[in-house]
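Visitor: got a predicted model here, sequence first, then my questions.
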Amino acid sequence: MDIFTGKSDILTNADMKNRHVVGVRGGRWTAMMSRQKLLFAENDQQVIKTLGMYLESVECQPVFVGDGEKILNELSETDGKQAYKAVVLDTRIREMDINQMIRQIRERSGIPIIILAPESEVTDRILALNLGADDYITEPVNPMEFAVRVRAGMRRFTGGIHFANASAGNAEKEDLLTIGRLTLDTKTLTLYKDETEISLTPIEYKIMYRLMKEPGKICAKEDLCALMNEPSGGGYENAIMVHISHLRAKIEDAPHRPVYIKNVRG
């Protein structure tokens, strides 16, 4: 059987604790699961058992599939695009080119992509992130940390940092992300304002790439913490805001009245 779900379909009293009543129809209560569904490409039964349990503990509902093709089929369906809030790809699955998978998923959806891999070269991680992955988790990793980082990725549309669509318009070429007067060259890892190069630290580049690849969408602080390979909270969110402040000083004409990077409450 290629698909393994993290929960039984049988409704129990314990399940009801994880549901929110949203209305009454025909004399019956209508309920909605609070758990967020994610697709997980994994075929190792021990990984499915262990990580599935920890993902459920942070209110995720993992749906395990045995190969990358099933991931793409699910995301090609309209219902699938709306139902799933993240994708996890294990690089050890045979016959799955991880970088090609990232490209193909990005053609179908802006869904968060989390990579799970054995310890790898930094160039592999950078390439995956540049292609559109949102986080790259290397093993060994604490299963609870893994679950929390996945959950943080799933919350990226609920509130946080917003990169505005500049009034000058935006355009995207194969190696260039352009928003208003800013252009990010993803091949040379260089940012330009008009034709002037702006020096960036590695984490500043990651933040700019993460925000510029989907302008107008909200990116949660927890998601930006994942770029630093750090959990949310514990002062790391404050560190992110320091990086944002430095970026505003570099790219904004008036940093106290930002045009490009804005905070959104929610």
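Guide: Yes, it's here. Residues are numbered from 1 along each chain as shown.

Visitor: can we go C-alpha only for contacts and neighbour counts from here?
Guide: Fine.

Visitor: within its local environment, how many residues does the residue nearest to Ile98 when sequence neighbours are not counted see?
Guide: Distance criterion C-alpha to C-alpha, 6 or more residues apart in numbering; nearest residue to Ile98, sequence neighbours excluded, is Thr91 at 6.1 Å. For Thr91, the neighbour count with other C-alpha atoms under 10 Å is 17.

Visitor: Thr91 and Met241: what is the separation?
Guide: In this view, Thr91 and Met241 are 32 Å apart by C-alpha to C-alpha, to the nearest Å.

Visitor: same check, this time on Gln46
Guide: 38 Å.

Visitor: looking at those two, which is more packed in?
Guide: A count of neighbours by other C-alpha under 10 Å puts Met241 above the other of Gln46 and Met241, at 15 against 9.

Visitor: which element follows the helix or strand where that one lies toward the C-terminus?
Guide: Element membership for Met241 (DSSP states H and E) is helix 236-251. Sequence-wise, the next helix or strand downstream of helix 236-251 (DSSP H and E) is strand 261-264.

Visitor: quick one: strands adjacent to that following strand?
Guide: strand 160-163 (antiparallel) (DSSP bridges).

Visitor: ok, what's across the strand from Ile218?
Guide: Residues in beta-bridge contact with Ile218 (DSSP bridges): His162.

Visitor: pLDDT score for it?
Guide: For Ile218, the pLDDT comes out at 80.

Visitor: tally of neighbours for it?
Guide: Neighbourhood size, Ile218 [other C-alpha under 10 Å]: 22.

Visitor: Lys187 contacts Asp175, correct?
Guide: Yes: using C-alpha atoms under 8 Å, Lys187 is in contact with Asp175, at 5.8 Å.

Visitor: overlap in contacts, the two.
Guide: The contact sets of Lys187 and Asp175 do not overlap (C-alpha atoms under 8 Å, 6 or more residues apart in numbering).

Visitor: okay, now the unreliable bits of this structure?
Guide: 1-34, 78-82, 156-174, 228-237, 265-266 (pLDDT under 70).

Visitor: break it into its domains for me.
Guide: What automatic domain parsing lists as the domains of the chain is 3-154, 160-264.

Visitor: one step back: now do the helix holding Met241: which elements does it pack against?
Guide: Applying 3 or more C-alpha pairs under 8 Å, 6 or more residues apart in numbering; DSSP states H and E, one finds that helix 236-251 makes contact with helix 202-212, helix 221-227.

Visitor: quick one, the longest one and helix 236-251 angle?
Guide: For the pair helix 202-212 and helix 236-251, the angle between their directions (axes from the mean of the first three to the mean of the last three C-alpha atoms, to 10 degrees) equals 80 degrees.

Visitor: which residues sit against helix 202-212?
Guide: 130, 134, 162-163, 177-179, 184, 186, 189, 219, 224, 227-228, 243-244, 247.

Visitor: now Thr186, nearest residue through space, not along the chain?
Guide: Asp175 (5.3 Å).

Visitor: burial of the one you found, as a residue count?
Guide: Residues near Asp175, counting by other C-alpha under 10 Å: 12.
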